[in-house]
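> Curious how this folds, go ahead:
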Amino acid sequence: MVMPSPDSPRLTPAQCASYWEYGYVCIPRLYSAVAVAEFETRFLEIASGSAEKPENLIVMQDVMVAKGAVVPTDPVRAVNKILSFENDPKLFAYALDPGLLASVRTLLGPELQTISTNVFNKPPEVDGRHPLHQDLRYFALRPVDGILGTWTALSTANRENGCLAVIPGSHREGLREHGKPGWEFVNRGFHAVEGVDRDARVHIEMQPGDTLLIHPLLIHGSGRNRSDGCRRAISAHYAARACQRPPGTPKRAPVVRMIPDAGH
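Sure thing, here's the model as predicted:
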């Protein structure tokens, strides 16, 4: 089990200003090498099938594997991501980390809930692109500024292996129309912002433990993995408890876990 850090860093005023101006901020080395290794080990246990899946956790195959276009060299390289790890204590320790929670509370306030959890796996043998999108496309909760995504590198993320790319300031333009990317193989649930200026992208290279905080309207995505190893990251989305789901919304209700109040 990952032990809480004795220090619980909060975002500086400059980091908060950067988040609201550009739609994201990166916190270097928020997670220790020990914590990263524990998340990585648990992911490998689940993805390889050597450990039993907790209730409600989903292991998603890459579409190219599911359709038989690629035969992976090992079971882990067949996996696109695992989602909904709320019932796995070793992985959900990520979302309960004091340093991460202190940073998120600086932006969203003290009372939090998680509304989505994922471990992203990008194997080299498949297409693996994640089209430019906005996370709010997947959430009905409002207000928008009460939601925030976190993305922590479990391995080095760079241009070669498909690091995240963002369009700074795009969160100020509202929710854009999304459609299907014009690719032969698109993983389930992947949608693309239409008419986006790809030349405005900024690629965010990260080291293990580096953590990105992402506004739900920020346009972002990732490219192919052209290396010979998997690129992995762990992620959670938070919402302030005051956020509400509009009545009659057709979107699936999120998997919610209340985060204990600070100091409890």
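
> Which residues lie in contact with Ile259 in this structure?
If you count contacts by CB atoms under 8 Å, 6 or more residues apart in numbering, Ile259 has them with Ala95, Leu96, Leu101, Leu112, Gln113, Thr114, Tyr238. All C-beta spots, glycine's among them, are computed from the backbone N, C-alpha and C.

> So which of those residues is surrounded by the most neighbours?
In terms of neighbours by other CB atoms under 10 Å, the contacts of Ile259 top out with Tyr238 at 26 neighbours.

> I'd like the next helix or strand past the longest helix along the chain.
The residue-count maximum for a helix in the chain (DSSP state H) belongs to helix 33-48. Moving toward the C-terminus from helix 33-48, the next helix or strand (DSSP states H and E) is strand 58-61.

> pLDDT averaged over that next one, what's the number?
Strand 58-61 shows a mean pLDDT of 96.

> so what does it touch, helix or strand wise?
Contact here means 3 or more CB pairs under 8 Å, 6 or more residues apart in numbering; DSSP states H and E; on that basis strand 58-61 packs against strand 79-83.

> Enumerate every residue touching the residue nearest in space to the middle of the chain.
Nearest to the geometric centre of the chain sits Ser235, at 3.4 Å (CA atoms, centre = their mean). Counting by CB under 8 Å, 6+ apart, Ser235 touches Ser116, Thr117, Asn118, Val119, Phe120, Gly149, Thr150, Trp151, Thr152.

> for Phe39, same thing?
Phe39 touches Val2, Tyr31, Lys90, Leu91, Tyr94, Val119, Leu154, Ile234, counting by CB under 8 Å, 6+ apart.

> What is the lowest-pLDDT residue among these?
Val2 (35).

> Can you report how many residues lie near the residue lying closest to Gly189 once chain neighbours are set aside?
Using CB to CB, 6 or more residues apart in numbering and skipping the chain neighbours, the partner closest in space to Gly189 is Tyr138 (7.7 Å). Tyr138: 17 surrounding residues under other CB under 10 Å.

> closest to Val166 among the contacts of Ile259?
Tyr238 (18.6 Å; CB to CB).
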